[in-house]
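**Q** Quick one: sequence and predicted model below, then my questions.
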Amino acid sequence: MTKDDHLTFRQFMLKEYREHGVSKDLIFLLEDIATACRTISHKIRSGAFAGTLGATDDTNVQGETQKELDVIANDQFMLHCANCSRVAALVSEELDNVIWLKDKAEAGDYIIYFDPLDGSSNLELNISVGSIFSIVELKEPLTELTDEAVLIPGSEQICAGYSLYGPSTSLVVTTGHGVNGFTHLAGSGEFLLTFPNMTVPAATNEFAINASRQKFWEPPVTRYIDECLAGPDGPRGKKFNMRWVASMVAEVHRILTRGGVFMYPRDSENASMGGRLRLLYETNPMAFIIEQAGGKASTGEGRMLDVQPTDLHQRIGVVLGSSEEVDLVESYHS
């Protein structure tokens, strides 16, 4: 054991403050987000008894039927993120427009982007779901408080993270100084450091993709998957395993713990939308986390974090994980 084993989340973040200059305001905000995630975890675990696992009669801006827990999780993020006086605006998957918390947005204020409950279609199946969040710090005051004002590239993120609600509740965070994972100690109210310095190996023999969409794939994706499936006698010269949970948080967590590549590419069916997953509050946060862990994240044709957003709920194709595999997929698109 090292002196950092099982630090509480606050103890670890104060260490980040001393060693890397992470601001105390950001630490307080992250503690509020951790509280939201603990509450969401409890709501999920008690959902079968509370009758909240099912759907509502409403749809979100994506046209997706909202689960009751989608709404509950969104409310928790809204409530706890508003505690920080430096938060100027909130961008949620569940809301049509930006929620402005200030009349003026100054340099140094935060914009928070979040998917409050990713993979909620899995709730009734008792499959892992999660929350994703991202924080950008404004470099200059905003002259107009509009939706367009928060269309900021992922390269400007100062922090990103997710919480995974599975057999245990995990919280994985980066403030731009590597990636660290925490586990909620039931009954204590604490997240404890259990996965320090998470890294993604450059090479892998595991990929995750929704194979039921094969007929829609673009030729570079088909080529890549066919070569992986060809096994030791194929061009890759080794056997690959396929995984698919249909929960992005669970897929990324697996990659951070044992490597791999996750793909939800643009294809002929979703090309008119740009892809399937959302840029601002799904792929950008995960791309930042993966890069901080030594991996890569791409649209298939270029770095995810360099994409200039054009819409709050913009969709995009994504390939992320072990760098050698992401590079290979990009080379097939070139």
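**A** Here it is on my side, so go on.
**Q** The nearest residue to Phe28 once chain neighbours are set aside sits in which helix or strand?
**A** Closest residue to Phe28 apart from its sequence neighbours, by Cβ to Cβ, 6 or more residues apart in numbering: Cys84 at 6.1 Å. The way it works is simple: take the backbone N, C-alpha and C, and place the C-beta from them, glycine included. Secondary structure assignment for Cys84, by DSSP states H and E: no helix or strand.
**Q** Please read off the pLDDT at Cys84 from the model.
**A** Cys84 is assigned 95 on the pLDDT scale.
**Q** burial of it, as a residue count?
**A** Neighbour count for Cys84, taken as other Cβ atoms under 10 Å: 21.
**Q** swap in Asn126?
**A** Neighbours around Asn126, by other Cβ under 10 Å: 12.
**Q** Same question for Glu330.
**A** Glu330: 18 surrounding residues under other Cβ under 10 Å.
**Q** and it, what helix or strand is that in?
**A** Going by DSSP H and E, Glu330 is part of helix 323-333.
**Q** could you say what helices and strands that helix packs with?
**A** helix 219-229, strand 261-264, strand 296-298, strand 318-321 (3 or more Cβ pairs under 8 Å, 6 or more residues apart in numbering; DSSP states H and E).
**Q** and those, which is most packed in?
**A** Looking across these with neighbours counted as mean count of other Cβ atoms under 10 Å, the highest average goes to strand 318-321: a mean of 28.
**Q** How far off centre is that one?
**A** 12 Å (Cα atoms, centre = their mean, to the nearest Å).
**Q** That one - contacts with which helices or strands?
**A** Under the contact definition 3+ Cβ pairs under 8 Å, 6+ apart, strand 318-321 sits against helix 248-258, strand 261-264, helix 284-292, strand 296-298, helix 323-333.
**Q** Restricting to C-alpha, output the first one in PDB.
**A** Think helix 248-258. Backbone C-alpha positions of helix 248-258 (Å, rounded to 0.1, in the frame of the first residue of the first chain) are rendered in PDB as follows:
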ATOM      1  CA  MET A 248     -21.100   4.200 -22.900                       C
ATOM      2  CA  VAL A 249     -20.000   4.700 -19.300                       C
ATOM      3  CA  ALA A 250     -19.600   1.000 -18.800                       C
ATOM      4  CA  GLU A 251     -17.700   0.600 -22.100                       C
ATOM      5  CA  VAL A 252     -15.200   3.400 -21.300                       C
ATOM      6  CA  HIS A 253     -14.700   2.200 -17.800                       C
ATOM      7  CA  ARG A 254     -13.700  -1.200 -19.100                       C
ATOM      8  CA  ILE A 255     -11.200   0.400 -21.500                       C
ATOM      9  CA  LEU A 256      -9.700   2.400 -18.600                       C
ATOM     10  CA  THR A 257      -9.300  -0.800 -16.500                       C
ATOM     11  CA  ARG A 258      -8.100  -3.200 -19.100                       C
END
